[in-house]
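Novice: Give the three-dimensional model of this entry:
(chains A and B)
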Amino acid sequence: MKVFFGVGMIACIGIGFISGYLFFRQQNLNSSIETIQKETSFRSKVGKNASLSTVSSNTSGNIIAVRQDESIMDAVKQAESGDTILVYPGTYTETIYIDKDDITLRGVIKEGKRAVLEGEKRLNDAILYSGNNIKVENLKIQNYKGNGIMGQAGNNFEIRNNIITDTGVYGVFPQLGKNGIVEHNIISGIADAAIYVGMSDNIHVAHNEVFDNVAGIEIENTRHAIVENNLVYNNTGGILAFVTPGLPIKTTFDVIIRKNFVNNNNHKNFGAPGSTVAGIPSGTGILIMAADDVIIDRNIISGNKTAGILITDHGHAANITFDPESEPNADSFRILDNQMINNGYDTIDEIKALKAVSLTMGSPDIVRVGESKGSCINNKHRYVTIGLDPYSNCPFTNTDATRSYLLETPVPPRKIDKSAQGKLTYLGVCTGCHSYTGRLIGPPMKDIQEIYRNNPIGLAHYISNPVKKRQNFPEMPPQDYLSKETRLAVAKYVLSLKN
Amino acid sequence: MNYLIWLALLTSDHLIAGGLWESPDSIERNQREILGLLTSDCPPGYELSQQNTCKFFHQYQTYPSILDRGIGGTRTGLPSFRDGFSPALIDLGRHLFFDPILSPNQTISCSSCHDPDHGFADPGAHSIGISRQPLDRNAPSLWNLGFLNRFNWDGSAVTLETQILGPLYNPQEMGNTKENLVHRLNTSEAYRFLFAKVYEKDPDRFEISEKHIITALTAFQSTLISLNSRYDRYVHGHHESLSTEEIRGLNVFRSFVARCSECHTPPLFTNQQMAVIGAPERKGLTFDHGAELVFGSKRLKGGFKVPTLRNITKTAPYMHSGGFQDLSEVLAFYNEGRAAKEGRGLYLHWHITSPDLAKSELADLKSFLNALEDESFKPKRPNITISKLILNNERRGVTKQ
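Specialist: Prediction:
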């Protein structure tokens, strides 16, 4: 969020909200008595039996070793699917991009010494990947300007045991991916989010230590994510679950934030002007904006000076774009038991004003503004709350029955089915110049069939090494960018054409 | 007298040169000839089904994408797309696209502003409308339109059909009216005959409707496919298709310093969202509020739809106002920093930052944009303008033109 609770926000908080709030407060005065709730667990239908240790099928390939003064990128270029690149301790100043599948990039840690990717504040990103089944482990990444590790639509990713410091906008940023794990990383000094999961599905973020960042962990426009057992401290905002309007994927739902330490996130906001996080008030533990079905379960949330948990809709967040396809409310949040202490002790003026209007005493642990349907909170009386009066106990007390949202079987490889390869290539490539009977730029395929009847190999060869054969036709450009396998498939398909 | 008299444009591949058909038993043959103006083949990239419709097939289709939205990284599927039109309807749409019959004074066709030789855009910063007045916005490219769910710079149309009505009836653009358009098309015997045949109706009783015209134009425009650039070859596995410089450019493009791919997202190189980037108007033009007026939100003041970058090298000048002459000016605009675009009460998009790219990085980016060129499926301009054909069928008493 660019400016959360920006200047003049209080003006946005309508009379209707405040009077409604007071009404509910009176209705619920008698309900703040400890009740014994039967222990029941939230059980999701998604991904409950998936492995938590790996999300891809392990293919064993070759090992390629990279040592100081060699290039990791050279190894990536040489690597084939299934290969593991072992990077020995040393300093490597490069940008690595992985546009292939099934590659493991693993640092070798020797007596505490790691392979260091050093951006010298000159290089943009340390690692970019778009392949499936990419693993990045045991590296130290520092001083880049863009991202430490950025994924674009790579599925089944595993990013673990890395130490990432001051890598620009994001530390770990899987975007548009499905089925991925981010765990055991130590990330600090990031100008936006240390871990930013954007527009993704089926995600597990666990056991990371994130500190001294503007945002610790951000789950944005993402469905089915668990954020658990992380240590999140001294950021501006600790853990965020957002729907950001104006992005092509419009929803966030089914997010479990549990068993994290969310402590003292009071860092001065050093987000770039106009950035999504630049307006987060320093001292925000957990921030939910417009995300639905977020469960907050057994976290230790302490020492966050603005509030332990802030919940808002789009209408109360300033400086975000307008998007009619983006549903603005944070519906169905479920706050289960959380250990909350010493939050909201030096809060922002807008919350102070809400406190005054609602006659709230004490420092607020939990603040909600904007519409929120179907939400609940267990043992509400334990916390100082603003805007929580309409909600009562949740139908469950914990989320243990939902171990993971990861997929039980990995996202399948993005390979073109062999049986369709010939047809798709013929239609996607060849038909620009050839039709079956007509003359386009090249001769009709019917004529070609006459020449290469029963000789697909000959035709496949010609496709990659064409020579001028017909006086009144231009010479065909070589189609050698098609793989050998594809050329043969397309040759066979051409010879089988009926129209 | 037989069926056809050619008054103009006797250059068609389909027709033997000559003005008059002399064979006495030739009505049927002449019908065949005029029908022969329309191909029975699907355009490139399409397979003919048994129901005589064209079905689109492509390698990208076999890749998945998050929520099937067709945005992602390299191997990412396409969004849903329009297909299922017959070969003849698509080809009739092609003829209409290039035919000035669509404008009231018969001077402007779709292709006047969406020139296939300029990426289906206009090489002039502004197009010239029916009253010879310059328009405010630069005509956008039509490549890969069939995959989009929002049209026009300001996002004001959500289907191709409604988009087409805009320029047809806008008084500044083609300036036609529904009544005049439909009437004029029906005065063309050749069009009536062809539309009737396409819809398998009796030509003598057939009336062309607005819907027929719009559907034919939709059918044609949905087939403008560009997905076989050198970038695409890289994606499908041939990494040598891009030069070292272009790969460096790709990495700048998708890095989070430049952030180009955050909005110009593969595989279409647009995320189809509205964005306020603060691009200036051409000299002498007042501020263009763009999407603000369509969506009724100040937050979108000066906002426009993110355009595709495929064949971007062909579509200069750039931006909604056509204010930038070449890609170097565009890159300089993005690189100059956020502060330079502030003021004017705009809610600038969060990815408008100050990337401060080095000269070499800008050069690499530009090379990469070259790698998005692919016009291998570019349709041909018809050799003949159907509205200029006059049918003469005295035996059946059809009125002469």
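Novice: what residue lies at the spatial centre of the chain?
Specialist: Unless you meant another one, I'm taking chain A. Using CA atoms, centre = their mean, the residue of chain A that lies closest to the mean C-alpha position is A:Val197, 1.9 Å off.
Novice: nope, chain B please
Specialist: Most central in chain B (CA atoms, centre = their mean) works out to B:Leu142, at 2.2 Å.
Novice: So, low pLDDT: which residues of chain B?
Specialist: Applying pLDDT under 70 to chain B flags residues B:1-27, B:390-401.
Novice: er, the stretch 151-300 of chain A actually
Specialist: Checking the stretch 151-300 of chain A against pLDDT under 70 turns up nothing.
Novice: For the stretch 201-350 of chain B, what lies in contact range of chain A?
Specialist: B:227-228, B:233-241, B:247, B:250-252, B:254-258, B:261, B:265-266, B:271-276, B:295, B:297, B:299-300, B:303, B:338-339, B:347-350 (CB under 8 Å from any CB of the partner chain). The way it works is simple: take the backbone N, C-alpha and C, and place the C-beta from them, glycine included.
Novice: buried subset of the residues you listed?
Specialist: Neighbour counting with 16 or more other CB atoms under 10 Å in any protein chain shown marks B:227-228, B:233-238, B:241, B:247, B:250-252, B:254-258, B:261, B:265-266, B:271-276, B:295, B:297, B:299-300, B:303, B:338, B:347-350 as buried within these.
Novice: Show me the residues you listed that map onto strands.
Specialist: Using DSSP state E, the subset of these located in strands is B:Met274, B:Ala275, B:Val276, B:Gly303.
Novice: can you pull the contacts of the closest residue to the residue nearest to the centre of chain B other than its chain neighbours?
Specialist: Closest residue to B:Leu142 apart from its sequence neighbours, by CB to CB, 6 or more residues apart in numbering or on different chains: B:Phe120 at 3.8 Å. Going by CB atoms under 8 Å, 6 or more residues apart in numbering or on different chains, B:Phe120 touches B:His114, B:Ser141, B:Leu142, B:Trp143, B:Leu224, B:Thr315.
Novice: repeat that for 6 Å
Specialist: B:His114, B:Ser141, B:Leu142, B:Trp143 (CB atoms under 6 Å, 6 or more residues apart in numbering or on different chains).
Novice: separation between A:Phe173 and A:Glu118?
Specialist: 19 Å (CB to CB, to the nearest Å).
Novice: more crowded one of these two?
Specialist: A:Phe173 (28 against 18; other CB atoms under 10 Å in any protein chain shown).
Novice: what residues are up against the more buried one?
Specialist: A:Asn147, A:Met150, A:Tyr196.
Novice: In strands, which of the residues you listed fall?
Specialist: The strands, defined by DSSP E, take in A:Asn147, A:Met150, A:Tyr196 from those.
Novice: ok, and of these, which contact chain B?
Specialist: For chain B, the contacts drawn from those by CB under 6 Å from any CB of the partner chain are A:Asn147.
Novice: Any chance of the ones in strands among the contacts of A:Phe173 in CSV with neighbour count as columns?
Specialist: As requested, the ones in strands among the contacts of A:Phe173 are exported to CSV (neighbours: other CB atoms under 10 Å in any protein chain shown):
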residue, neighbour count
A:Asn147, 28
A:Met150, 29
A:Tyr196, 28
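Novice: tell me which residues of the helix or strand harbouring A:Ile463 are tucked away?
Specialist: A:Ile463 belongs to helix A:456-464 when assigned by DSSP states H and E. Within helix A:456-464, the residues scored as buried using 16+ other CB under 10 Å are A:Pro456, A:Leu459, A:Ala460, A:His461, A:Tyr462, A:Ile463.
Novice: can I assume the third one is in contact with A:Arg487?
Specialist: Put plainly, it is A:Ala460. Yes. Contact criterion CB atoms under 6 Å: A:Ala460 and A:Arg487 qualify, at 4.2 Å.
Novice: residue boundaries of the strands in the stretch 351-499 of chain A?
Specialist: A:366-368, A:376-377, A:385-386 (DSSP state E, counting those that start in this stretch).
Novice: Show me what the first one is packed up against.
Specialist: When you say that, I think you mean strand A:366-368. Judged by 3 or more CB pairs under 6 Å, 6 or more residues apart in numbering or on different chains; DSSP states H and E, strand A:366-368 is in contact with strand A:307-312.
Novice: please redo it, this time with the cut-off set to 7 Å
Specialist: Packing partners of strand A:366-368 (3 or more CB pairs under 7 Å, 6 or more residues apart in numbering or on different chains; DSSP states H and E): strand A:307-312, strand A:385-386.
Novice: Many thanks, have a good one.
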